[in-house]
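Asks: need a 3D model of the following:
(one chain, ligands or ions: 1)
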Amino acid sequence: MQKIIVVAGASGNLGFRIIKALVNKGAEIRVIMRAGSDITKVNELEKIGAKIYKVNNWTIHELSAACKGANCVVSALAGLREVVIDAQRVLLDAAISTGVPRFIPSDYSLDFTRFNYGENRNLDLRREFHEYLDKAPIAATSVFNGAFTDMLTNEMPLILFKQKLILYWGNKDHPWGFTTIDNTAEYTAQVALDNKTPRYLKIAGDLISPREVRVVASDVTGNKFRLFSPGGQSLLGLFIKIGRKLAPAETELYPAWQGMQYMHNMIDERSGIDKLDIDRYPEMRWTTVKDVLQNYINGNKQLN
Ligand SMILES: NC(=O)c1ccc[n+]([C@@H]2O[C@H](COP(=O)([O-])OP(=O)(O)OC[C@H]3O[C@@H](n4cnc5c(N)ncnc54)[C@H](OP(=O)(O)O)[C@@H]3O)[C@@H](O)[C@H]2O)c1
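Replies: Next comes the predicted model:
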């Protein structure tokens, strides 16, 4: 029987790709969208076969209409407390009240379960949501994908293409987990369609250290990249404190200091990945850091 999957956050970057992956797998897709969501996104989603449930006030009652009879509710919401805790809670309660058996929270991050409150503002919100989720009568699965590989060519200051530097903090041999947004979306779609999945699933298209990134970047560009480290984890910690004081921007989702907190977690031994769950769906093809850089270079020949 065709599975029914509900997605919230479908107008977003990851959510939209989750829908596309679900369409390719033949699921019935129900999308919960706020009345004010981007209408072009609504039209696009309808065109690819998703059924849109528009909501005005994001109440349990409103969301329940979409959840009734579904196999899994997938959250791809993004925001701060009012989203990760408040809106996601209403979504979860709607799923529970209509008897949906499975829920995927909007985690899609490094595995924060070994970290403590206070180490990363955005991940703290997920942890707080988990406290509620883990007591709820529903089977939950978090997808831990490390960092989106796509960010290596824009937001993440690890590969400095112009300067031909790999800027890293801490241990140059510590492997970091990277997964593309598309791989994360496809894997999440597979998890949503699965019958039973563990509480946590860890994925990475690549596990790669700064020293290995240097080799890949040099290889792909044909230029010799050098490693450059301003210091270790404690210096980065100090920069985070200063950055947060000077430019708090607490209402922004990704202020500069939050990106640094993520980096601080990535280079921490506690984010080490002992086992990946990437073989769970054998048809999946994983994109490596090298693939992403090669694509980027192909589109930006002047960098060579
Ligand atoms: N690991 C990584 O490197 C990495 C990087 C980036 C993001 N992520 C994670 O990936 C997930 C998705 O992020 P994204 O970048 O795809 O997000 P995005 O593009 O900003 O989309 C956010 C979605 O959340 C919805 N939303 C926001 N506030 C809402 C509210 N109050 N009530 C209901 N819906 C609301 C938006 O709907 P509207 O259209 O109605 O506004 C939109 O569909 C998040 O968990 C994010 O933290 C991970």
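Asks: which parts of the stretch 101-250 of the chain are strands?
Replies: 102-104, 139-140, 142-144, 147-148, 159-160, 165-167, 176-179, 200-202, 206-208, 226-228 (DSSP state E, counting those that start in this stretch).
Asks: turn these into CSV, columns for mean pLDDT, mean neighbour count and distance to K68.
Replies: For every residue, glycine as well, the C-beta is placed using N, CA and C. Rendered in CSV, the data for the strands of the stretch 101-250 of the chain read as follows (pLDDT from 0 to 100; neighbours: other CB atoms under 10 Å; distance: least, CB to CB, whole Å):
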stretch, mean pLDDT, mean neighbour count, distance to K68
strand 102-104, 99, 23, 15
strand 139-140, 98, 18, 18
strand 142-144, 98, 24, 24
strand 147-148, 98, 22, 33
strand 159-160, 97, 19, 47
strand 165-167, 98, 19, 50
strand 176-179, 97, 25, 32
strand 200-202, 98, 18, 27
strand 206-208, 97, 21, 40
strand 226-228, 98, 13, 55
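Asks: out of those strands, which is closest to the ligand?
Replies: Distance to the ligand, taken as CB to the nearest ligand atom, is lowest for strand 147-148 among the strands of the stretch 101-250 of the chain, at 3.8 Å.
Asks: run me through the strand neighbours of that closest one, direction for each.
Replies: strand 176-179 (parallel) (DSSP bridges).
Asks: which bits of the protein sit near the ligand?
Replies: Within the chain, the positions lying close to the ligand (CB under 6 Å from any ligand atom) are 9, 11-15, 34, 37-38, 58, 76-79, 82-83, 87, 106, 108-109, 145, 147-148, 151.
Asks: cutoff 5 Å now
Replies: When proximity is defined as CB under 5 Å from any ligand atom, the chain approaches the ligand at 9, 11-14, 34, 37, 76-79, 83, 87, 106, 108-109, 147-148.
Asks: so which of the strands of the stretch 101-250 of the chain gets nearest M260?
Replies: strand 165-167 (12.1 Å; CB to CB).
Asks: state the distance from E46 to I29.
Replies: Here the distance between E46 and I29 works out to 11 Å (CB to CB, to the nearest Å).
Asks: more neighbours: which of those two?
Replies: A side-by-side neighbour count of E46 and I29, using other CB atoms under 10 Å, places I29 first with 27 against 12.
Asks: excluding sequence neighbours, find me the nearest residue to the more buried one.
Replies: The shortest distance from I29 to any residue that is not its chain neighbour, by CB to CB, 6 or more residues apart in numbering, is 4.3 Å, and that residue is A50.
Asks: pretty sure the one you found sits against V23.
Replies: Yes: using CB atoms under 8 Å, A50 is in contact with V23, at 7.4 Å.
Asks: overlap in contacts, the two.
Replies: I29 (CB atoms under 8 Å, 6 or more residues apart in numbering).
Asks: and those two? Which one has more around it.
Replies: Of the pair A50 and V23, A50 is the one with more neighbours under other CB under 10 Å, namely 24 against 15.
Asks: what sits against the more buried one?
Replies: By CB under 8 Å, 6+ apart, the residues touching A50 are V7, A10, I19, V23, I29, R30, V31.
Asks: quick check, the last one in a strand?
Replies: Going back to what we said before, that points to V31. Yes: when classified by DSSP: H, G, I helix; E, B strand; the rest coil, V31 is found to be part of a strand.
Asks: number the residues from 11 up from this point.
Replies: Got it, the first residue is 11 from now on, which makes the last one we talked about V41.
Asks: now do K172, the pLDDT please.
Replies: Model confidence at K172, given as pLDDT, is 95.
Asks: need the pLDDT of N314.
Replies: pLDDT, N314: 42.
Asks: filter the residues of the chain next to the ligand down to the ones in strands?
Replies: R44, A157, F158 (DSSP state E).
Asks: beta partners for the first one?
Replies: With DSSP bridges applied, R44 shows beta-bridge pairing to V65.
Asks: do the same with the last one
Replies: According to DSSP bridges, the residues that bridge with F158 are T189.
Asks: next, the contact list for it, please.
Replies: Residues F188, T189, T190, I191, T194 are the ones in contact with F158 under the rule CB under 8 Å, 6+ apart.
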